Every structure is written in structure tokens, then in C-alpha cells.
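**Student:** Build me a model from this:
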Amino acid sequence: MEHESLFSLSNPEFWVLVALVLFFGLLVVLKVLPGALFGALDAHAAKIKAELDEAQQLREEAQALLADVKAQREDAERQAAGMIEAAKADAKRLAEEAKEKLEEQIKRRAEMAERKIAQAEAQATADVKAAAVDLAAQSAEAILTARLAGLKSDPLVDAAIGQMAAKLQ
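**Tutor:** Numbers count the residues shown, from 1 in each chain. Sure thing, here's the model as predicted:
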């Protein structure tokens with residue numbers, strides 16, 4: 001095989017090159033290739049622009065959602081702080097009420113104990129007086145009986161002594 005030059009008219013590769021150049025030239029002249037190429041590029045650019053617009057819209061929605069979530073979190077934190085403050089106030093109020101009730105109960109029990117002590121003292125005093133009256137009556141009866149024993153017994157005196165013992169009790 002001989003080596004022929006590329007630009008030789010007898011070389012088939014030359015004619016393929018000429019046909020290819022004429023084909024592309026014809027496409028350029030007829031505006032088929034640039035229109036299709038630029039149309040494809042324009043379509044691709046429009047698609048990219050649409051995706052960028054959608055990404056921008058999604059970003060704005062995400063930022064709005066993030067702001068909403070932050071606002072909800074801050075609101076929840078404020079509510080929680082309010083609940084904690086209310087619980088502290090309730091606990092303080094309940095502690096004060098319990099303290100007041102305890103003091104009142106202690107006061108009532110002390111008063112009740114004082115009343116019981118006073119009743120016990122009064123009962124003891126009454127018991128001592130009753131015992132003293134009984135002892136005095138028995139002593140008076142014994143003395144009168146001893147004095148009258150030597151004397152002749154008088155039925156009226158005996159009856160009066162018996163009545164006196166019953167009245168002193």
C-alpha cells in the first residue's frame with residue numbers, strides 16, 4: 001500500500017472530509033445546526049434557570065419555616081417559664097397556707113390542753129373539797145357521838161346528827 005497524501009483527489013478520506021465540511025457548511029447556511037444547538041442550549045439554560053428559581057423558592061420557604069419554628073420554640077419557652085413561675089408561686093402559697101394551718105392547729109391543741117388542765121384542776125379542787133367536807137362531817141359526827149355517849153341519848157339530837165351528815169355531803 002502506498003501512502004497517499006490526504007489532499008489527493010484519489011484519496012477517499014479526502015472526499016469524506018470534503019463531504020463532512022460541506023454538510024456542516026450547509027447546516028450553518030440553512031441555520032439548522034446553530035438553531036438546534038442554540039435552541040438546545042437555550043432549553044438547557046431555561047431548565048437550569050427554572051431549577052435555580054425553584055431552589056430559591058425552596059430556600060425562602062425553608063427560611064420561613066425555620067423562622068416559624070424558632071418563633072414557636074420561643075413561645076414554648078416563654079410558656080414553660082410562665083408555668084414554672086406559676087408553679088413556684090403556687091408552691092409558695094401552699095407552703096404559707098400549710099404553715100398557717102399548722103400554727104392554727106398547734107394553737108387549738110394548746111387551748112384544748114389548757115382547757116383539759118383547767119378542768120382537771122377544777123375536778124381535783126372539787127374532789128379535795130368533797131373529801132374535806134366528808135372528813136369534817138365524819139369528825140363532827142365522831143366528836144358529837146363521843147360527847148353524847150356519856151350523856152343520856154336524846155332521840156332528837158341523834159336525828160339532827162344524822163341529817164347533818166346527809167346535808168354536808
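
**Student:** Tell me the confidence at Ala136?
**Tutor:** Ala136 carries a pLDDT score of 86 in this model.

**Student:** next one: Ala132
**Tutor:** Turning to Ala132, the model gives it a pLDDT of 88.

**Student:** number of nearby residues for it?
**Tutor:** Residue crowding around Ala132 was assessed by other C-beta atoms under 10 Å; the count is 10. (Glycine included, C-beta is placed from N, CA and C.)

**Student:** now do Asp158
**Tutor:** Other residues lying near Asp158 total 13 when counted by other C-beta under 10 Å.

**Student:** That one is in what secondary structure piece?
**Tutor:** When elements are defined using DSSP states H and E, Asp158 is found to belong to helix 155-168.

**Student:** what do you get for Ala76?
**Tutor:** Counting by DSSP H and E, the secondary-structure element that holds Ala76 is helix 32-149.

**Student:** how far out from the middle of the chain is that helix?
**Tutor:** What separates the centre of helix 32-149 from the centre of its chain is 9 Å, taken as C-alpha atoms, centre = their mean, to the nearest Å.

**Student:** Just the angle for that helix relative to helix 155-168, thanks.
**Tutor:** Here the directions of helix 32-149 and helix 155-168 differ by 170 degrees (axes from the mean of the first three to the mean of the last three C-alpha atoms, to 10 degrees).

**Student:** Where does the prediction get shaky in the protein?
**Tutor:** When residues are selected by pLDDT under 70, those of the chain lie in 1-4, 32-37, 148-154, 157, 168-169.

**Student:** again, only using 90
**Tutor:** For the chain, applying pLDDT under 90 flags the ranges 1-15, 23-44, 129-169.

**Student:** Name the residues that touch stretch 160-169?
**Tutor:** Contacting residues not belonging to stretch 160-169 are listed as Ala130, Val133, Asp134, Ala136, Ala137, Gln138, Ala140, Glu141, Leu144, Thr145 [C-beta atoms under 8 Å, 6 or more residues apart in numbering].

**Student:** picking that back up, tell me the gap between the helix holding Asp158 and the middle of its chain.
**Tutor:** The offset between the C-alpha centroid of helix 155-168 and the centroid of the whole chain comes to 83 Å, using C-alpha atoms, centre = their mean.

**Student:** Point out the other helices and strands that the helix holding Ala76 packs with.
**Tutor:** Contact partners of helix 32-149 among helices and strands, from 3 or more C-beta pairs under 8 Å, 6 or more residues apart in numbering; DSSP states H and E: helix 12-29, helix 155-168.

**Student:** What count of nearby residues applies to Ala87?
**Tutor:** Residues within reach of Ala87, counting by other C-beta under 10 Å, total 10.
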